[in-house]
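*Asks:* this is a predicted model, with the sequence first.
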Amino acid sequence: MPPVTRWFIKTGIIWFALGVTLALVAELPNVQGSALLLPVYWHMLVIGWITQVIMGVSIWMFPRKKRNRKKESSSLATGAYFLLNGGLIIRFLSEPFLPLVTNSDIVPVVVIVSGILQVAAIMLFIAEIWPRVQPKKKLKRKSGRA
Amino acid sequence: MPVQSVWMIRLSLSYLLVAILTGAVLLVHKAVPIHNAIWGLLPVHYEMAIWGWLVQFVMGTAYWMFPRYLKDKGRGSTVLAWSVVAIMNLGLWLLLASYVTDEYLAIAGRGFLLIGTLLFAGLMWNRVVSYRNRR
């Protein structure tokens, strides 16, 4: 298992635990603004947990372009990891405050930056995985040439 | 990797890209309101993320990686596998179309997604098996 896969899976587990904790907190009586936490909760589970674990496992398990290449982390995968989690952290710390801090120029900019980081992360992941999703014969022919 | 899985996984990656881009547009609109019509992208964002990305990626990977049949080393009916690809994607597109046109299309879309799911279950059922310690 390449190191970046371990990072993806372990960070995914942390987001999962945080998402479930947040869901619990939102259900507690006298907690105000539960609705503001809803998008955070959903994205912690769907992007932070499920998508991130899929990303990590596919980077590990999908056939490599060159068969003799060691299972080391590629720069695309490493970039995807840092951009995705950087984007998620920034998002979760800023998005709930959007309706609360209406006169701030900084919070909207931070939220937009978090969106750009997440899009960039997914693009890097797709660039890493797309060439590895090929029919077996085609992949063998390519690796034989390399 | 079987060609049906290649199609399912590449389609799912394409849906992931569209889902994350629509999500980013929604996030920008939330931060700096642009136009109310942008909220119309919300169903595209989550239906593509769930049915297009997550479900289809898992289906494509399972069809590829689950144990093959011992008898012919195959993965089951290729016609059935292609049917799953076509029906799941048709269902998703009908569902997405229902948000902008006729809401009855949602019934057709969800119906196709159900048929695709049942066909996938039929395709994979006998491959959920361990060949170790078989007598």
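*Replies:* Yep, that arrived. Numbers count the residues shown, from 1 in each chain, chains lettered A, B, ... in the order given.

*Asks:* give me every residue in chain B lying close to chain A.
*Replies:* For chain B, the contact set with chain A under C-beta under 8 Å from any C-beta of the partner chain comprises B:1-3, B:5-6, B:9-10, B:13, B:16-17, B:20-21, B:23-24, B:27-28, B:30-32, B:49-50, B:53-54, B:57-58, B:61, B:65. The way it works is simple: take the backbone N, C-alpha and C, and place the C-beta from them, glycine included.

*Asks:* mind redoing it with 10 Å?
*Replies:* In this structure, chain B approaches chain A at residues B:1-10, B:12-14, B:16-17, B:19-21, B:23-28, B:30-33, B:46, B:49-50, B:53-54, B:57-58, B:60-61, B:64-65, judged by C-beta under 10 Å from any C-beta of the partner chain.

*Asks:* keep only those of these that are in helices.
*Replies:* B:3-10, B:12-14, B:16-17, B:19-21, B:23-28, B:30-31, B:46, B:57-58, B:60-61, B:64-65 (DSSP state H).

*Asks:* can you get me a residue count around the residue in chain B that chain A sits nearest to?
*Replies:* Evaluated by C-beta to the nearest C-beta, chain B has B:Ala31 as its residue closest to chain A, separated by 3.6 Å. B:Ala31 sits with 20 neighbouring residues when counted by other C-beta atoms under 10 Å in any protein chain shown.

*Asks:* skip the chain neighbours and tell me the closest residue to A:Gly87.
*Replies:* What sits nearest to A:Gly87 in space, not counting adjacent residues and going by C-beta to C-beta, 6 or more residues apart in numbering or on different chains, is A:Leu117, at 3.1 Å.

*Asks:* my bad, B:Ala31
*Replies:* Spatially, and ignoring its direct neighbours in sequence, B:Ala31 is nearest to A:Pro108 (3.6 Å; C-beta to C-beta, 6+ apart).
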